[in-house]
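Novice: Structure of the sequence below:
(3 chains)
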Amino acid sequence: MNRNRTRLLGVPYIIWVIGFTVIPIFFIITKAVTDGEGAFTLSNLTAIFDQLHRKALVMSVSLALVSTIICIILSYPVALILRSSRFKRKSIILFILILPMWMNFILRILAMQMIISNNGIINHILETMGLAPLKLINTPGAIILGMVYDYLPYMMLPVLNSILSIPEDVIEAAKDLGSDSLHVLTRIILPLSLSGVGSGITMVFIPSMTEFVIANILGGGKIQLLGNIIEQEFTVSMNWNLGSGLSVTLMAFVLITSFIFGRHQEDTAAGFAI
Amino acid sequence: MAKELIRFENITKSFDGSSVLKDLNLSIHENEFVTLLGPSGCGKTTTLRILGGFESPDSGRVIFDGEDITHLPPNKRQLNTVFQKYALFTHMSVAENIAFGLKIKGHDKDTIRDRIAYSLKLVGLEGYEDRAPSSLSGGQQQRIAIARAIVNEPKVLLLDEPLGALDLKLRQGMQYELIRLKEELGITFVYVTHDQEEALTMSDTVVVMNQGIIQQIGTPEDIYNEPQNAFVADFIGESNLLDGIMVRDCLVSLNGLEMPCVDTGFGENNPVDVVIRPEDVELDASGAGQTTGTVTSIVFKGVHWEIRVDSVIGITFLVQTTEHFPVGSKVGISVDPYNIQIMNKPSREDEQVFDQDEAPQGETYES
Amino acid sequence: MTTKTLGRIYIALIMVFLYAPIAVLIVLSFNASRSRVVWGGFTLEWYSALVSNSSIMNALWTTFGLAFISALISSVIGLLGSIGIYSMRRRGYRLMLFATNIPMINADIVTGIALLLWFVRFLPLGFTSVLLAHVTFNLPYVILCILPKLRDMDIYQYEAALDLGAGEAYAFVRILMPQILPGVLSGFLMAVTMSMDDFVITYFTKGAGVNTLSTLIYGEIRKGIKPEMYALSTVLFFIVLLLLMLVNLPYDRIDLHKCLKRLKIKFFCAK
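Specialist: Numbering: from 1, shown residues only, chains lettered A, B, ... in the order given. So this is what the prediction gives:
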């Protein structure tokens, strides 16, 4: 094949990338460093340190962090159980894990709201059992629940992938050299699954940090995340410059996170063959 | 004979209903190099894995140094394994790999460092401590896997087709290395392979297996010169495997040609299998011999010529000789009575000639 | 024994967690009462009312249309682009791969806002702007599905075809295309699902008047979701379930990381 000629086939894509990826980012950055009159300012970027925004940022990061950790904790046992079981059709488990993602996620979060709301299903059950109702909805815990619910498969799949792809003879070699089960877990399985956890973190932490729909539905608008504030700047307050400034700050966070945790993703690119 | 170290007693094992080991009994002695040899699916790897503790037998016992270790987990056994695909820990350096077992045993840092250096020296990879396993060649990874096992000073080293992934030249070199290593360490080696040349080169004792049953146990010379059945004869080296009739003791008939031999106890006029190794068939250009034939093909093999001769008794002989006989020439054929090996006809399927087409080659994990 | 039972219980609990909300939605689609908590008896009313609900049906066709057209456009541009990138020298290859990764790494909300700020300069917000946005976020997934196929491509087969007398174009169509095609198909199907799944980017780029199912639902949260929506989502869920079982995709060979960074990828990036 003539490389000079085939390279021309990439031109439409290059134009698209410039037109709809590079230029929009240029625009959001321009908007972020100007005020309503178009004059240069850094106030939209430093706005992240305002009382309100700082609080939202801290809340976003901490909820995302807790959700990510819970996802990791929930995922490991599943992977270990599947690894130790001689269950042949592991693909069925995979199927079951991915299937819920096909239903509209806003509807699923609404269903979660029905389950945990004050007169929802859980409280109904508690009531019939003669127990006091719980205050579940509109708390940070409810948002975490929603995030874990929505993003758990994104953590579970890479963790599952990395743990199931450890060759059996490596584990046997460790036992042969004197490892007991706990030692095998901490010295072999854990280190070898870190790359999977790394890609899981980028796939859970980033979307949950920039989330606003789950917070709206399960937090009842009482808990403001950075995503909610940005959304409101564009749809309610109509301060697009401030919204862009906060977005650029968020983008910086995202890039840092994916740089830290996403580096090893290529290592696990070996594929997902269960 | 040295003291018995390992004894398999009536071991049976099946996977998913298909029987892999059938009532296996085997003794392994101290300081012995034992090779389990057979085609894939013969049960050799399963035997090794039962000894290593990675499989437990359905019935029977494994005795190690007088103790029943049948249900002892692998981490409690005083033996170490060199895995087929090395199974090096990719997230650790060479030194960390080798130190793995020593750290578990709680040795102090200085001892560990010395023992790592010593074991690397033994396998000829001094100074490789800080390298990553993935940066090494196949042969080097193999040596690290051996170093990682022997550094723990096991009483027995188990080797599961350790040379299978190496190329021919490297494999031959490693064979001598393993013999040297065993002499230096003075421990027992249990070696699994499907390569008969490897088995004959290195072993004190060869255990030939097929379909979960031991076919023959003996020194490499025994196995080669006096195979006990058609399977062993066919699997070890090249051979002329012929149908014969035992006329009486020390006389066998091949298609009517009566040839003297040295075997007795096969009865009179019984059908038997006759093995004649290609290098034991003698050709004579002048036509003198027990029978005659015509050369139909001749191929140069380096050390010798490989010749096919159609004999007048209707048998085609495969012959290896250092002399050259042109195609079409008439030759005399004779065999020394001591070089004719008589065997009973197979009574079971596993004793029959191994059909290469039926068993997948290269597939070495039987399960 | 007990660890095994514990393991099973654990897996079962995770399944309950993942499927409870879906079960709730399915039950509600048959609930005669409009209440979200009271069971008012079994009905199929919402399923029959579904067809005559114009706002839902409009949103449904918009969603389907967007998914199909955006997937088609991104497949074509993506296929050409992949071949172009594949033929580039090292530095260009790296640069293009980096640019391809941007929309995937970036948060949806940032991508959506950035596109909004750009679109308002030259385009009335509506179906076209949403379509452009969808093609933009579909493209990386399409390309990351096709590029590995190009890399794995056996160029010797192509040379063998030339050796046997085939012309370049003929050899490309007969030898190379069949090797790349599964990647193009995966990319297309993935683009369809990504597009149908998206809410955030559509939300920022759609303007007034246009609605996909996601934005319609989001807009109705305050007023209360119409039960017809539960009926529709139940129907869609079972259609997907049925399709997946019918085509019996080789799930066990799903090639995760090659095509999916953020793993919305679902099923289709099969090898």
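Novice: low pLDDT regions in the stretch 51-200 of chain A?
Specialist: Applying pLDDT under 70 to the stretch 51-200 of chain A flags residues A:86-91.
Novice: ok but residue B:282 is inside a helix, no?
Specialist: No - counting by DSSP: H, G, I helix; E, B strand; the rest coil, residue B:282 falls outside a helix, being strand.
Novice: so it touches residue B:289, yeah?
Specialist: Yes - under the criterion of Cβ atoms under 8 Å, residue B:282 makes contact with residue B:289 at 7.2 Å. Quick note: C-beta positions are derived from backbone N, CA and C, even for glycine.
Novice: Please enumerate the shared neighbours of these two.
Specialist: B:333-334 (Cβ atoms under 8 Å, 6 or more residues apart in numbering or on different chains).
Novice: ranges for the helices of the stretch 51-200 of chain C?
Specialist: All helices of the stretch 51-200 of chain C, identified by DSSP state H, counting those that start in this stretch, fall at C:54-87, C:90-105, C:108-122, C:127-152, C:155-163, C:168-171, C:177-197, C:200-205.
Novice: The one residue in the stretch 51-200 of chain C that gets nearest to chain A and chain B, how far apart?
Specialist: Closest residue of the stretch 51-200 of chain C to chain A, Cβ to the nearest Cβ: residue C:84 (1.8 Å). Per Cβ to the nearest Cβ, to the nearest Å, residue C:84 is found 33 Å from chain B.
Novice: Measure how buried that residue is and give me the count.
Specialist: By the criterion of other Cβ atoms under 10 Å in any protein chain shown, residue C:84 has 22 neighbours.
Novice: Wait, residue B:243 touches residue B:273, no?
Specialist: Yes - at 7.0 Å, residue B:243 counts as touching residue B:273 under the criterion of Cβ under 8 Å.
Novice: Give me every residue in the stretch 251-367 of chain B lying close to chain C.
Specialist: By Cβ under 8 Å from any Cβ of the partner chain, no residue of the stretch 251-367 of chain B approaches chain C.
Novice: Nearest the geometric middle of chain A, what residue?
Specialist: Closest residue to the average C-alpha location of chain A: residue A:204 at 1.9 Å, with Cα atoms, centre = their mean.
Novice: What parts of chain B come near chain A?
Specialist: Looking at chain A, the residues of chain B close enough under Cβ under 8 Å from any Cβ are B:52-54, B:73-75, B:77, B:80-81, B:83-85, B:87-91, B:100-101, B:104-105, B:148-149, B:152.
Novice: Among those residues, which lie within helices?
Specialist: Among the residues of chain B next to chain A, the members falling in helices are B:52, B:100-101, B:104, B:148-149 (criterion: DSSP state H).
Novice: number of nearby residues for residue 164?
Specialist: In the absence of a named chain, chain A is used. As a burial measure, residue A:164 scores 18 neighbours (other Cβ under 10 Å).
Novice: Please refer instead to chain C.
Specialist: 8.
Novice: how far away is it from residue A:6?
Specialist: According to Cβ to Cβ, to the nearest Å, residue C:164 stands 22 Å off from residue A:6.
Novice: Next: residue A:197.
Specialist: 39 Å.
Novice: again with residue B:232
Specialist: Computed as Cβ to Cβ, the residue B:232 to residue A:6 distance reads 60 Å.
Novice: what does residue A:248 give?
Specialist: In terms of Cβ to Cβ, residue A:248 sits 37 Å off from residue A:6.
Novice: Among those two, which residue is more densely surrounded?
Specialist: Between residue A:248 and residue A:6, residue A:248 has the larger neighbour count (other Cβ under 10 Å), namely 21 against 16.
Novice: count of neighbours near the closest residue to the more buried one other than its chain neighbours?
Specialist: Closest residue in space to residue A:248, ignoring its immediate chain neighbours: residue A:32 at 4.3 Å, by Cβ to Cβ, 6 or more residues apart in numbering or on different chains. When neighbours are defined as other Cβ under 10 Å, residue A:32 has 24 of them.
Novice: what stretches of the stretch 101-250 of chain C score poorly on pLDDT?
Specialist: Along the stretch 101-250 of chain C, the model assigns pLDDT under 70 to residues C:247-250.
Novice: State whether residue B:6 is indeed within a helix.
Specialist: No - remark: residue B:6 does not belong to a helix; assigned using three-state DSSP, it is strand.
Novice: Based on its surroundings, how many neighbours for the closest residue to it other than its chain neighbours?
Specialist: Closest residue in space to residue B:6, ignoring its immediate chain neighbours: residue B:28 at 4.1 Å, by Cβ to Cβ, 6+ apart. Residue B:28 is flanked by 20 other residues according to other Cβ under 10 Å.
Novice: So which elements touch the helix or strand residue B:28 falls within?
Specialist: Here residue B:28 sits within strand B:18-29, counting by DSSP states H and E. Packed against strand B:18-29 by the contact rule (3 or more Cβ pairs under 8 Å, 6 or more residues apart in numbering or on different chains; DSSP states H and E) you find strand B:4-15, helix B:44-52, strand B:188-193, strand B:213-218.
Novice: and the longest one, what does it pack onto?
Specialist: Using 3+ Cβ pairs under 8 Å, 6+ apart, the elements in contact with strand B:4-15 are strand B:18-29, helix B:44-52, strand B:59-64, strand B:188-193.
Novice: Turn the ones you listed into JSON lines, columns for mean pLDDT.
Specialist: Supplementary listing: the helices and strands packed on strand B:4-15 in JSON lines, determined by pLDDT from 0 to 100:
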{"stretch": "strand B:18-29", "mean pLDDT": "94"}
{"stretch": "helix B:44-52", "mean pLDDT": "95"}
{"stretch": "strand B:59-64", "mean pLDDT": "95"}
{"stretch": "strand B:188-193", "mean pLDDT": "96"}
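Novice: Adding distance to residue A:114 as columns, could you present these in a markdown table?
Specialist: A markdown table is the format used below for those (distance: least, Cβ to Cβ, whole Å):
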| stretch | distance to residue A:114 |
| --- | --- |
| strand B:18-29 | 53 |
| helix B:44-52 | 53 |
| strand B:59-64 | 57 |
| strand B:188-193 | 61 |
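Novice: and residue B:228, which of these is closest to it?
Specialist: Nearest to residue B:228, of all the helices and strands packed on strand B:4-15, is strand B:18-29, at 15.7 Å by Cβ to Cβ.
Novice: moving C-terminal of the strand or helix carrying the residue nearest to the centre of chain A, what's the next helix or strand?
Specialist: Using DSSP H and E, residue A:204 maps to helix A:190-209. Per DSSP H and E, helix A:190-209 leads on to helix A:213-218 as the next helix or strand towards the C-terminus.
Novice: So which bits of the helix or strand following that next one are buried?
Specialist: Next in sequence after helix A:213-218, counting helices and strands by DSSP H and E, comes helix A:226-235. Buried positions in helix A:226-235, judged by neighbour count with 16 or more other Cβ atoms under 10 Å in any protein chain shown: A:226-234.
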